[in-house]
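sequence first, predicted model second:
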Amino acid sequence: MANKYISIEHIKFLLYNVHNVQELFEKDYFFEYSQESVDMMIDSAKDFADKELFPFFTEMDRQGVKYENGKVQVHPQVYKVLSELGASGWINASQAFESGGMQLPGMVGNMVETIYIAANSSGIGYTMLTAGAARLITTFGNDSLKEKYATKMCAGKWQGTMALTEPQAGSSLSDITTKATRNSDGTFNISGQKIFISGGDYEGVENVVHLMLAKIEGAPIGARGISLFVVPKRRLTDAGLEPNDVTTAGVFHKMGQNGYVTTHLMMGEKDDCVGYLVGEENQGLKYMFQMMNSARIEVGATGVAIASAAYYASLEYAQERSQGRNPASKDPVDEPISILNHADVRRMLFAQKAMVEGSMSLLVECSKCEDLVKTTDGEERENWYLLLELLTPIVKTFPTEKGIESVSNGLQCLGGYGYCVDFPLEQLYRDIRITTLYEGTTGIQSMDLLGRKIMLNEGKAAKLLFVEINKTIDQAIKYDRLKAHTKSFHDLFGQYQEVILKLVSKAQDGKVEEFLSDANLFMELSGIVVMGWQWLKLGVASMECINEGSQSLDFYESKLQTLRYYFAYEIPKSIGLITRLLDDEIITIKGEKEYLI
């Protein structure tokens with residue numbers, strides 16, 4: 001199969017035509033960037049991905065992660081990618097100049113990251129985690145931690161992780177039991193265990209630095225008593241690096257992402273594990289949410305990227321594979337036609353294209369909010385922050401849930417070959433499945449969206465989203481080719497607001513369990529609505545380019561045709577969801593009898 005796994009042309013269209021990244025370059029914070037410099041960065045990223053990531057995509061999966069005699073072996077390309085991206089400044093690219101970073105706009109950075117993930121999601125995961133952990137130390141840590149640990153991580157010398165989950169607690173972080181005991185020198189002794197730690201240990205990297213949640217003895221009960229610590233595998237002393245009583249009890253062998261190590265860690269078995277407090281005591285969960293929210297956007301990017309790789313692999317196959325004849329042809333001597341000409345195959349390919357290109361636009365939308373939080377102040381900054389908070393659970397969930405469906409459509413296009421290791425679809429299908437679980441399951445994200453974000457600041461976040469959507473509706477209705485779609489979307493948007501009012505009224509009446517019982521369905525509906533918004537944006541930008549006499553007419557017509565598909569096939573799926581969400585009958589809350597047993 002060819003090595004097209006993402007469309008650079010689409011990325012640039014999103015940045016320059018749909019979301020106008022150029023406006024950021026006018027702000028002092030991003031003054032060093034221009035369209036020319038961003039083009040060079042994107043093209044360079046694609047070149048790196050072609051050479052250092054994509055060629056190892058299958059090999060990393062087949063070789064997998066090995067754990068023997070307490071040591072973890074990963075593919076040797078892992079450390080090469082980490083060190084080379086560190087040396088090039090990529091790991092701390094998003095950080096401010098004064099922190100040694102490049103002050104790169106998130107709109108650009110997240111698109112570059114999407115290129116890397118599409119080429120090899122296992123291979124780039126180590127770098128993404130290291131960047132997030134280093135950023136956390138830089139933001140909240142003291143100068144000593146920054147100098148001793150963050151500097152090495154940003155240089156790609158040391159691996160970084162986030163260590164949250166424990167066997168008995170799962171996603172309920174308030175129930176963690178990892179303990180931190182004070183030492184006279186201001187450090188802490190750490191004891192406990194953590195599971196599902198991505199990038200948690202491997203040979204070839206000099207050190208692994210864990211950003212770990214633990215509770216200081218005597219701290220308040222629950223989430224209010226969680227603190228954040230730097231807990232390295234090897235602590236840095238005057239004599240150099242020495243073991244820090246962090247051991248790998250084993251690795252998790254997963255359904256997919258086989259090249260990406262996931263460990264079970266034990267700390268303090270010899271009572272010699274030293275942790276260094278990050279920021280203030282009992283503020284750990286608050287600090288960690290910076291990394292978690294960024295990671296949720298990255299997980300959404302992972303869903304988009306893997307689905308993109310699957311789309312281009314299935315499109316190539318559909319163009320090359322001849323099978324069957326036109327249904328109108330009855331003559332067996334007629335030549336078989338390319339399966340791309342079969343209506344149902346085209347439907348599945350349109351479904352993939354609509355999901356990939358629309359979700360990528362949503363990813364840029366969220367990244368734009370991040371950038372504007374950095375470059376505005378006062379009420380304007382608060383508004384962008386609230387909008388980002390609201391969109392984060394959606395951008396994490398829609399591209400991953402629909403990404404699985406999208407890759408499944410790609411596998412279906414290939415038929416039996418799609419299920420075989422000779423083609424990439426079976427690996428992509430395994431690799432994408434974890435994305436709905438990473439950084440909080442779909443159920444958790446759905447309850448966060450409905451239970452917290454929709455009502456954030458007395459509903460201000462939702463009102464801000466409605467304002468943005470209405471702006472797009474006002475732009476789209478001006479174009480004759482978009483009028484019918486805009487009117488149907490306007491109707492859906494009205495029904496969506498009706499659903500929100502209905503659900504919120506339950507919460508106000510104290511019916512909290514009923515309010516959240518179908519949060520997952522509300523998330524699905526929200527995804528359809530937000531994606532419709534993004535496709536109208538894509539349509540407006542395409543019409544503007546066509547009216548300006550662009551030479552790439554087929555490119556923009558393909559966007560409009562995909563928009564037509566989305567409104568004809570995906571928008572109608574909202575009807576059943578709206579019906580269910582407006583119905584007062586609750587099926588899933590336990591009543592007098594339990595029929596699941």
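Perfect, thanks for sending it.

in the one helix or strand Leu516 maps to, what counts as buried?
Assigned by DSSP states H and E, Leu516 belongs to helix 512-517. Buried residues in helix 512-517, counted by 16 or more other C-beta atoms under 10 Å: Glu514, Phe515, Leu516, Ser517. C-beta: built from backbone N, CA, C; applies to glycine.

ditto for stretch 222-236
Within stretch 222-236, the residues that count as buried by 16+ other C-beta under 10 Å are 223, 225-236.

now, which of these sits nearest Leu577?
Closest approach between the buried residues of stretch 222-236 and Leu577, by C-beta to C-beta: Ala223, at 31.9 Å.

which stretches of the stretch 1-150 of the chain form strands?
In the stretch 1-150 of the chain, the strands defined using DSSP state E, counting those that start in this stretch lie at 66-68, 71-73.

now render those strands as CSV, adding mean neighbour count, distance to Tyr438 and mean pLDDT.
Converted to CSV, these look like this (neighbours: other C-beta atoms under 10 Å; distance: least, C-beta to C-beta, whole Å; pLDDT from 0 to 100):
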stretch, mean neighbour count, distance to Tyr438, mean pLDDT
strand 66-68, 13, 21, 94
strand 71-73, 16, 20, 95
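
can you add distance to Cys545 and give the ones you listed back as CSV?
As requested, the strands of the stretch 1-150 of the chain are exported to CSV (distance: least, C-beta to C-beta, whole Å):
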stretch, distance to Cys545
strand 66-68, 51
strand 71-73, 50
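
I'd like to know which of these is closest to Ala87.
Closest approach to Ala87 among the strands of the stretch 1-150 of the chain (C-beta to C-beta): strand 71-73, 23.5 Å.

who are the packing partners of the closest one?
Secondary-structure packing of strand 71-73 (3 or more C-beta pairs under 8 Å, 6 or more residues apart in numbering; DSSP states H and E): strand 66-68.

which neighbours in the sheet does the strand it packs on have, and how are they oriented?
Within its sheet, strand 66-68 is paired with strand 71-73 (antiparallel), according to DSSP bridges.

distance from the chain centre to the partner strand, please.
27 Å (C-alpha atoms, centre = their mean, to the nearest Å).

then stretch 348-362?
Computed by C-alpha atoms, centre = their mean, the chain-centroid distance of stretch 348-362 equals 15 Å.

got any ranges where this structure has weak pLDDT?
Along the chain, the parts satisfying pLDDT under 70 run over 1-2, 591-594, 597.

which strand in it has the most residues?
For the chain, the longest strand by residue count, based on DSSP state E, is strand 188-198.

how about that one as CSV, C-alpha atoms only?
As requested, C-alpha coordinates have been extracted for strand 188-198 and formatted as CSV (Å, rounded to 0.1, in the frame of the first residue of the first chain):
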residue,chain,number,x,y,z
PHE,A,188,8.6,12.8,50.3
ASN,A,189,8.8,9.1,50.5
ILE,A,190,6.4,7.6,48.0
SER,A,191,4.7,4.1,48.4
GLY,A,192,2.0,2.5,46.4
GLN,A,193,1.3,1.2,42.9
LYS,A,194,0.1,2.6,39.6
ILE,A,195,-1.4,0.7,36.6
PHE,A,196,-1.9,1.5,32.9
ILE,A,197,1.2,3.8,32.8
SER,A,198,1.9,4.5,29.1
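
name the helices or strands packed onto that strand?
Counting contacts by 3+ C-beta pairs under 8 Å, 6+ apart, strand 188-198 packs against strand 159-163, strand 179-182, strand 208-216, strand 226-232, strand 262-267, strand 274-277.

let me know which of the ones you listed is the nearest to Asp334.
Between those, strand 262-267 lies closest to Asp334; by C-beta to C-beta that is 52.1 Å.

list the strands paired with the closest one, with their directions.
Its sheet considered, strand 262-267 pairs with strand 188-198 (antiparallel), strand 246-251 (antiparallel) by DSSP bridges.

before we move on, the earlier item: next, the residues that contact the helix holding Leu516 from outside, please.
Met447, Leu450, Gly451, Leu503, Val504, Lys506, Ala507, Ile586, Thr588, Ile589 (C-beta atoms under 8 Å, 6 or more residues apart in numbering).

what do you get for stretch 148-157?
Stretch 148-157 has contacts (C-beta under 8 Å, 6+ apart) with 82-87, 91-92, 95, 100-101, 127, 130-131, 133-134, 137-138, 141, 158-160, 206-207, 209, 230, 232, 236.

could you flag which of these are buried?
Buried by 16+ other C-beta under 10 Å: 82-83, 85-86, 91-92, 95, 100-101, 127, 130-131, 133-134, 137-138, 141, 158-160, 207, 209, 230, 232, 236, out of the contacts of stretch 148-157.

filter these down to the ones in helices?
Among those, the members falling in helices are Leu82, Ser83, Leu85, Gly86, Thr127, Thr130, Ala131, Ala133, Ala134, Ile137, Thr138 (criterion: DSSP state H).

the residue nearest to Leu581 when sequence neighbours are not counted: what's it in contact with?
Once flanking residues are discounted, Leu581 sits nearest to Val499: 4.8 Å by C-beta to C-beta, 6 or more residues apart in numbering. When contacts are counted by C-beta under 8 Å, 6+ apart, Val499 touches Phe522, Leu525, Ile578, Leu581, Leu582.

re the thing from before, wait, which of the strands of the stretch 1-150 of the chain is closest to Arg182?
strand 71-73 (31.6 Å).

tell me the domain boundaries of the protein?
8-154, 159-283, 459-597 (automatic domain parsing).

between the ones you listed, which gets nearest to Lys374?
The closest approach between Lys374 and any of those, judged by C-beta to C-beta, belongs to domain 8-154 at 6.0 Å.

how distant is the helix holding Leu516 from the center of its chain?
On C-alpha atoms, centre = their mean, the centre of helix 512-517 falls 27 Å from the chain's centre.

same thing with stretch 229-244?
Distance, centroid of stretch 229-244 to centroid of chain: 31 Å (C-alpha atoms, centre = their mean).

ditto for stretch 396-415
Distance, stretch centre to chain centre, for stretch 396-415: 15 Å (C-alpha atoms, centre = their mean).

next, count neighbours for Glu217.
A count of neighbours around Glu217, defined by other C-beta atoms under 10 Å, yields 11.

leaving out the residues flanking it, which one is nearest to it?
Spatial nearest neighbour of Glu217, excluding adjacent residues (C-beta to C-beta, 6+ apart): Thr181 at 5.7 Å.

surely the one you found is in contact with Gly192?
No - between Thr181 and Gly192 there is no contact under C-beta atoms under 8 Å: 11.1 Å.

hang on, the earlier thing: emit the ChimeraX select command for whichever of the contacts of helix 512-517 are buried.
Only the buried entries of those go into this ChimeraX selection, using 16+ other C-beta under 10 Å:
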select :447,450,451,503,504,506,507
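
of the contacts of helix 512-517, which is the nearest to Lys12?
Lys12 lies nearest to Leu450 out of the contacts of helix 512-517, by C-beta to C-beta, at 35.3 Å.

surely the closest one touches Asn520?
No - with contact defined as C-beta under 8 Å, Leu450 does not reach Asn520; the gap is 9.2 Å.

count of neighbours near Glu370?
Glu370 has 22 neighbours, counted by other C-beta under 10 Å.

in a strand, it, correct?
No - counting by DSSP: H, G, I helix; E, B strand; the rest coil, Glu370 is not found in a strand; it is helix.

how close does it sit to Phe56?
Plainly put, Glu370 is 30 Å away from Phe56 if you go by C-beta to C-beta, to the nearest Å.

what sits against Ile477?
By C-beta under 8 Å, 6+ apart, Ile477 lies in contact with Lys483, Thr486, Lys487.

whichever of these end up buried, select them in ChimeraX.
The ChimeraX selection below is limited to those of the contacts of Ile477 classed as buried (16+ other C-beta under 10 Å):
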select :486
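
out of the contacts of Ile477, which is nearest to Ile404?
Ranked by distance to Ile404 (C-beta to C-beta), the contacts of Ile477 are led by Thr486 at 29.7 Å.
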